[in-house]
Structures are given as C-alpha cells and as structure tokens.
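*Asks:* show me the folded form of this:
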Amino acid sequence: MSIENRIVRSIRQRKGVVVLRSEVASLGSVAQVGRVLAKLVNDGRLVRVSKGVYAKTRVNKFTGKLAPAGTFENIAAETFRKLGIDVQPGQLAREYNAGLTTQIPMDGAVCTGKRRISRKIQVGARIVKYEKP
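*Replies:* The predicted structure follows:
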C-alpha cells in the first residue's frame, strides 16, 4: 500500500474535521508526508488551515463544490483543542452570550488570556483574531 493511500485512509478514519501533520507523520518521511498533504490540498480533499494543520472537505449540497467539512468556528475550536491552546470567546461573543446585546458577532475573535499567540488560522477568507483580557 502506498504512503498516499495510508495517509488518506488514516485521515478518513479520524472522527474530527481537523488533521494535524504530526498525526500522520509516522506514516512516512518528512518529505513524503509533505508531498502527500500538498497533493491532497491541490486535489481539494484537504484545506490548509495553518502551518501543519489541515481540515477535511466535503461536497457542498447547494453548490456541488468542495468546501471545508465544518464551520469556521468549529474548525478553529478543534484546532486550538488539538494544539493544547486554551482560549475563551472574544468580548463581543461574551456580551452576546450574556444577553447584553442582540448583535451577533461576525468576526472570529478569541481571548487568549495572558498567553501570546501569533499562529495564523485561516479558513477561506475568515481569519481568527486574538484579544487580550
């Protein structure tokens, strides 16, 4: 079985939407895994979210085109969870959840606490923004 088939099977069997490069790194050398992941991104079977972080895709039932298999918020939350980074909702989301405002927050802002994070997480045109408490 080729390395590409082994990586595709490993990705398909995972429950979540987000796949870290480190999760499939044991299936081949660094160069082989990198080539296979790049090929899967070019084929549209994966979407690159961040450095070493990929998201699965599925066919959009409305357009018939490939799209990320989860929402922007779910992909960002799963990415932070898999990377072991503890984040909280941003200020606007906290105000909305507390019932202080009726405006739904549209930006993907998260509060990182005292931790400083510079990782760029992007799905399509949406980018996660970081806030300090």
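
*Asks:* how many neighbours does I75 have?
*Replies:* Using other CB atoms under 10 Å, the number of residues around I75 comes to 27. For the C-beta atoms, the positions are set from N, CA and C on the backbone; glycine is no exception.

*Asks:* now do G124
*Replies:* G124 - counted by other CB under 10 Å - has 10 other residues nearby.

*Asks:* next: L27.
*Replies:* By other CB under 10 Å, the residues close to L27 number 16.

*Asks:* leaving out the residues flanking it, which one is nearest to it?
*Replies:* R6 (5.0 Å; CB to CB, 6 or more residues apart in numbering).

*Asks:* so how far is the strand or helix carrying that neighbour from its chain's centroid?
*Replies:* Using DSSP states H and E, R6 maps to helix 3-13. Relative to the chain's own centre, helix 3-13 is displaced by 18 Å; criterion: CA atoms, centre = their mean, to the nearest Å.

*Asks:* how about the strands of the protein, start to end?
*Replies:* Ranges of strands in the chain, per DSSP state E, are 18-20, 46-50, 53-59, 66-68, 88-89, 108-111, 122-123, 126-131.
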